[in-house]
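> any chance you could fold what I've pasted below:
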Amino acid sequence: SGFSHLRLDLYMDVNHRPRAGVTRTLEGRPFRLFPENAWEYALEITPAGAALHKLTPRGPAKTADLRVTAEEGWIRVLVPPAAMRGTPAFWSYAALLLAPAGAGYAIADYIAEDVANGYIYAVRPGKL
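Next up, the predicted model:
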């Protein structure tokens, strides 16, 4: 039942090049990723569905609407492999659990290296 009020965002840095992606998070979120963790893909998950966003030459664009299921404490989104190119084991990630706050959102929880000094620092699982 708590999922009906929450939103999940997953930001993915696929190339580890500073400023080669987007540091601003999706619309309505007052956060930014550290420039070395600029994202090329973002997955936005709500109870109504999920949206995959991709960096294009014109900026971020929604490229797919995806189905979301929530069962037994798990939230599942299946992303077709063709929708995201590369090797996910080498990417960096920042996962944010967001709760409504005023006109936007606040971070309720996160999986990232750190959230400090106004920046979100992505974690790189392959380096653990």
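> what is the helix or strand of the chain with the lowest mean pLDDT packed up against?
The helix or strand of the chain with the poorest confidence is strand 68-71; it has a mean of 87 (mean pLDDT, DSSP states H and E). Secondary-structure packing of strand 68-71 (3 or more Cβ pairs under 8 Å, 6 or more residues apart in numbering; DSSP states H and E): strand 74-77. The way it works is simple: take the backbone N, C-alpha and C, and place the C-beta from them, glycine included.
> state the mean pLDDT of the helix or strand just after the strand it packs on.
Downstream of strand 74-77, the next assigned helix or strand under DSSP states H and E is strand 92-101. For strand 92-101, the mean pLDDT works out to 93.
> give the buried residues for strand 92-101.
Neighbour-count burial for strand 92-101 flags 92-98 (criterion: 16 or more other Cβ atoms under 10 Å).
> which other residues reach it?
For strand 92-101, the external contacting residues (Cβ atoms under 8 Å, 6 or more residues apart in numbering) are 5-13, 16, 25, 29, 31, 33, 37, 39, 105-112, 120-125.
> could you flag which of those residues are buried?
Looks like those have 6-13, 25, 29, 31, 33, 37, 39, 105, 107-108, 110, 112, 120-123 buried, using 16+ other Cβ under 10 Å.
> quick one: the helices in this structure?
Assigned by DSSP state H, the helices in the chain number zero.
> just the contacts of strand 92-101: which are in strands?
7-13, 105-111, 120-121 (DSSP state E).
> and which of these is nearest to Arg85?
Nearest to Arg85 among the ones in strands among the contacts of strand 92-101 is Met12, at 11.4 Å by Cβ to Cβ.
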